[in-house]
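**Q** Sharing a model that was predicted from the sequence below.
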Amino acid sequence: DARKVSLSLINRAAVTDDKGNHRLAMMLFREPGCRRCVPHHRHHGQFPRGVLRHLAIELKDVLGPERFNQGEGPLIRGSHWRNFLVKYSESNRMHKKALALSALCRDRGEPKEARRALGEAQCNDAYWHGVFGGLYLRHLRDSIWQRLSEAEGRLRAGEALVCEEVDLDLDGHKELWVHSESFSALVSPVRGGVIEELTLFRHGINLANTLTRRREPYHEIADSKQDSSSHHHSDQDGGESETAPSIHDLEGALTFKALPPVDREDRALFLDRILPGDLELSDYREGRYDPLLDLAQRNLHVLSVEEGEAPKETTQEGLPIEWLEICLGWEESGSLEKRIRFGVDGTVEVLYNWTPDDFPEGAFFTTELSLGGEAEVLSVPEADTWRFPISTFSKSEKGFDETVQGESVTIRWPVETGWGRVRIRRP
C-alpha cells in the first residue's frame, strides 16, 4: 500500500544521496550557503529538500493519478503537530493554559521563578501521542500541571477571588475562569457547566487532570493476539530476518481481542445526565448506554455571578471566607438550575434544582466527577454513588499499556428528589 511504498522509498534515500553515492548509516549533505557538511541520521528522517522532493515525485508516480487523487495523496506528507491539539482536548487545554499564563507573566514583569516554571511546562512529551505513551502517561501530564500550578500560584500571590469571561481554550466559546491566590478553575457553560480544570496551587495538582477514553487506530479486534516478542520478522523484500524486531514491527503485531470502552464526552468535573432507572453499573462503566438527557451537550446560560462572605461563626479562627457563585440555567427548561460556588481556598459546592415532572418516572439525575487526584466528595441528600477507575489502553514498546487515569465518581439521585448538592475539596 501507499505507506509501505513510502517507507521503501525513504529507506532507499537513507543510503543514497542526490548523486547516487551510497552511505551506510549517516549521510553528509552540504546545506545551501554552508561551507561545511551537516550530518543527517536516517532514523531521524532528516533528509535534504532535494531528496524529499524526489521521493514525493517518485511516490506520486508509483501511486498513479487515480490513487493519488482519491485519498492516498495526503499520505505523502506528514500531518502537522497541531492536529494533536484538535484530537486531544487535554493536550489543547495544557497548551492554551501555558499561553495564557505566559501573557500574564509578561504583564507581571517577567518574574524569573514563574517564567522558569512555564518553560519547564513546555516539555513536549506530554502533549502528543505516537509510538510511545506521551499524553497517555499520567505522570507526564501531572508534571505539566504541577509546573503550570507553580507558575500561576506565583503570579496570583495576594489576589482576591475573581471571575473572568474568556475563551481560554480558543474553541470559539467563552469559558468562566475563576481564580484566587489559592486556586484556578475553568467552567464551560457550553458543555453544561462542567469544570474542566480545578488546580490547587498549594498541592500543585489539577483535580480534573484525567484522560478521555478514545478510540485509537491501533485498537483492533483479532481472534488471537500475534506473538510480538518473536525475533523473526519480514525484511523490506518480504523475506525473513533474524534481527530483533523494530518498534514498528512490534506495533504491527499489537491487537485486541475486545475493543476497550470509549467515553461519550470529554471527561470533566460535574458532568450531568439523566439516566434510565434500569441502567446497570457494568454497562455504565463500559459506555454501553444512552442517557435520557445529556447536559454536557447543552449550552447553559449564565444567569448570574454573585460574591459574598460566609458568616464568621462558620469559619476557622473567626476569619471570613470569600465565595463566588455562578448560576447557570437551561433556557429550554426553566426548571433546571445549576449553582456552582467556589470558596477562596478552592473548595467547590454545586447545587442542583430541577422539576421532577420534567423527567421520566424512575429515572436518575446524575453528576459524574472524573477525578485526577485524591478528593473528598460529599453529597446531600444521601445518594447512591457509582465508582470505577478510568483506564485507558495505549501502545508502547512493550505492547499495550493499561493506565489508570483517575477515578469516576457518579452521584445518583432519583428524579423525584428534585434537588441535590455536591461538595468537593482536597483533604
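**A** That came through fine.

**Q** Quick one: residues contacting residue 118.
**A** 98, 101, 102, 105, 147, 148, 151 (C-beta atoms under 8 Å, 6 or more residues apart in numbering). C-beta: built from backbone N, CA, C; applies to glycine.

**Q** Equivalent analysis for residue 361, please.
**A** By C-beta under 8 Å, 6+ apart, the contact set of residue 361 is 415, 416.

**Q** Would you quantify the distance from it to residue 416?
**A** Look at residue 361 and residue 416: by C-beta to C-beta, to the nearest Å, they are 8 Å apart.

**Q** mind checking the SS state of the closest residue to residue 122 other than its chain neighbours?
**A** Spatial nearest neighbour of residue 122, excluding adjacent residues (C-beta to C-beta, 6 or more residues apart in numbering): residue 98 at 6.7 Å. Secondary structure assignment for residue 98 (DSSP: H, G, I helix; E, B strand; the rest coil): helix.

**Q** Looks like residue 98 contacts residue 119 (just checking).
**A** No: look at residue 98 against residue 119 with C-beta atoms under 8 Å: they stay out of range, at 9.6 Å.

**Q** So which of those two has more stuff around it?
**A** When residue 98 and residue 119 are compared for neighbours, residue 98 comes out ahead with 20 against 13, by other C-beta atoms under 10 Å.

**Q** residue contacts, that one?
**A** Residue 98 makes contact with 118, 121, 122, 148, according to C-beta under 8 Å, 6+ apart.

**Q** Max pairwise distance over the residues you listed: which two?
**A** Greatest spatial distance among the contacts of residue 98 (C-beta to C-beta): 122 and 148, at 10.3 Å.

**Q** how near is the residue nearest to residue 169 when sequence neighbours are not counted to residue 414?
**A** Excluding its sequence neighbours, the residue lying closest to residue 169 (C-beta to C-beta, 6+ apart) is residue 96, at 4.8 Å. Counting by C-beta to C-beta, the separation of residue 96 from residue 414 is 39 Å.

**Q** just residue 82 next, same as before
**A** Between residue 82 and residue 414 the computed distance is 45 Å (C-beta to C-beta).

**Q** For these two, indicate the residue with more neighbours.
**A** Between residue 82 and residue 414, residue 414 has the larger neighbour count (other C-beta under 10 Å), namely 18 against 10.

**Q** Would you mind confirming that that one is in contact with residue 360?
**A** No: when contacts are counted by C-beta under 8 Å, residue 414 is not listed as touching residue 360 (11.2 Å).

**Q** picking that back up, compare residue 122 and residue 148 and say which is more crowded by neighbours.
**A** Ranked by neighbour count (other C-beta under 10 Å), residue 122 and residue 148 place residue 148 first, with 24 against 14.

**Q** Tell me where this structure has helices.
**A** Remark: helices assigned in the chain by DSSP state H are 2-13, 49-67, 83-87, 89-107, 112-120, 138-155, 247-252, 281-286.

**Q** Tell me which of those helices lies nearest to residue 178.
**A** helix 138-155 (12.5 Å).

**Q** buried sites along that closest one?
**A** 138, 141-155 (16 or more other C-beta atoms under 10 Å).

**Q** any low-confidence regions in this protein?
**A** 1-56, 71-79, 221-256, 310-321, 331-334 (pLDDT under 70).

**Q** How about the residue nearest the centre of the chain: what's its closest non-neighbour residue?
**A** For the chain, the residue nearest the mean C-alpha position is residue 90 (2.2 Å; C-alpha atoms, centre = their mean). Excluding its sequence neighbours, the residue lying closest to residue 90 (C-beta to C-beta, 6+ apart) is residue 211, at 5.8 Å.

**Q** number of nearby residues for the one you found?
**A** Neighbours of residue 211 (other C-beta under 10 Å): 26.
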